[in-house]
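>>> here is a sequence together with a model predicted from it:
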Amino acid sequence: MKVLYVLFAALSLPPYSAPITSANVTLLSGSQNLSAGALTSNSNTFLILERTHFALPEAVRLDTLTIGITNSTLWPGSSTMLAAGTMVDVWLFHVQRSGFSMSGLTSTIDFGAPVLGYAGRSLCGLGGACLAGTDVFGNPGSSYANHALRGLELLPNRDSITQLTLSSVSITAVTNAFTLDEVRIFTESQPEPGTLVLTAIAFGVIAAARRIR
């Protein structure tokens, strides 16, 4: 009876939840062709789930943002080091227009889990987390653009990024057919429902065994 009660409680838990986003965000998962001009939209941005429950094979330094501060000129100098073995979910925010006129798209995303750090700098020479340098943590089946300015340039009246809360972010990307904006976002890994159920069963079995003894 104890096992059945614990199992029922586990099945009653909410499932792995998708991010809550503004209406102009298209959610994708799996491998993608992200080379220049391959995934474009004049009205939508793309949020791609690249990895789930991923143990980092090596340490990685990521940029961090101060909640409530809009970064529109330079990436902040604050950063964090995630140790090898840290369990993360990895997301890629991708924007490229098919037209020639420069205009901005603003998107908001609430991941439902704390944001651990960002890799979104276009130019690695300025320090911080270079986007291309973290492609090894992306989806191994995806094709990434060979573009010097893949990340957010954060120039005046162009790109900007704001961490709204511990788990949510707002990004404004100004692109056209010849430029693209991307940010890789690492969040705390959320457990899958199946994992929760198996864990609950294990604890239930242990509890039942102790009760019998």
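Great, that's in hand. Numbering: from 1, shown residues only.
>>> which stretches of the chain form helices?
In the chain, the helices defined using DSSP state H lie at 2-11, 193-212.
>>> between the ones you listed, which gets the lowest average pLDDT?
Comparing mean pLDDT over those, the weakest stretch is helix 2-11, at a mean of 42.
>>> identify the residue spatially nearest to Ile20, adjacent ones excluded.
With Cβ to Cβ, 6 or more residues apart in numbering as the criterion, Ile20 has its nearest non-adjacent residue at 4.4 Å, and that residue is Asp110. Every C-beta, even on glycine, is put in place using the N, C-alpha and C of the backbone.
>>> quick one: pLDDT of that neighbour?
98.
>>> show me what contacts His94?
Leu34, Leu39, Thr45, Phe46, Leu47, Ile48, Leu180, Asp181, Glu182 (Cβ atoms under 8 Å, 6 or more residues apart in numbering).
>>> show me which pair in the residues you listed is furthest apart.
Greatest spacing in the contacts of His94, by Cβ to Cβ: Leu47 and Leu180 (14.5 Å).
>>> the top strand by length along the chain pairs with which strands?
Using DSSP state E to define each element, the chain has its longest strand at strand 45-55. Next to strand 45-55 in the sheet, as set by DSSP bridges, lie strand 25-29 (parallel), strand 87-95 (antiparallel).
>>> can you lay out those as a markdown table showing mean pLDDT and distance to Thr175?
A markdown table is the format used below for those (pLDDT from 0 to 100; distance: least, Cβ to Cβ, whole Å):
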| stretch | mean pLDDT | distance to Thr175 |
| --- | --- | --- |
| strand 25-29 | 97 | 15 |
| strand 87-95 | 97 | 5 |
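>>> so the most centrally placed residue in the chain versus Val115, what's the distance?
Centre of the chain computed as the mean C-alpha position; nearest residue by Cα atoms, centre = their mean is Trp91, 2.8 Å away. Here the criterion is Cβ to Cβ, to the nearest Å. By it, Trp91 lies 9 Å from Val115.
>>> residues shared between the contacts of the two?
Shared contacts of Trp91 and Val115 (Cβ under 8 Å, 6+ apart): Ile185, Phe186, Thr187.
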